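>>> Provide a 3D model corresponding to the input given below.
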Amino acid sequence: MIGAAEDQECKEAFLAYYFLGTAAGAPDEAELEERIESWLAQAFGVAIGFKVGDALARLDRLGLLLREGARLSVLPPEAALRKLDRAWADFFGPEPESAA
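I've put the predicted structure just below:
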């Protein structure tokens, strides 16, 4: 169940990243939520209440989200990949030496 929730959170973050990265102008949270919900309805024929705040929080934790007042954008793909690559490398960095 935890894995399924994590998968869902990643999918939400991917959607938010994509819609922010391809937006003609920097949307605010409400505009982003509307765009994603509208796309989901058109693409899959379902009405889903997309929780944009959760997706934005994940992008922010990863250092991919940019804010200018209420307007949102993301790092371009190349910069985002470098940042994620560094985070991944740091995650598996050397173990701290223990005091013996």
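
>>> Now do the contacts for the residue positioned nearest the centre of the chain.
Centroid check for the chain by Cα atoms, centre = their mean gives A13 as the closest residue, at 3.0 Å. Going by Cβ atoms under 8 Å, 6 or more residues apart in numbering, A13 touches 55, 58-59, 62. In this view, the C-beta of every residue, glycine as well, is placed from N, C-alpha and C.

>>> same thing with E33?
Shown in contact with E33 (Cβ under 8 Å, 6+ apart): 50, 52.

>>> Look at it and report its pLDDT.
E33 is assigned 97 on the pLDDT scale.

>>> can you list the residues that contact the helix or strand containing A80?
Counting by DSSP states H and E, the element that carries A80 is helix 77-91. With contacts defined as Cβ under 8 Å, 6+ apart, helix 77-91 is touched by 17, 21, 62-64, 74-75.

>>> ditto for stretch 57-68
For stretch 57-68, contacts defined as Cβ under 8 Å, 6+ apart pick out 9-10, 12-13, 16-17, 20, 26, 56, 72-75, 80, 83-84, 87.

>>> Return the distance of it from the chain's centre.
7 Å (Cα atoms, centre = their mean, to the nearest Å).
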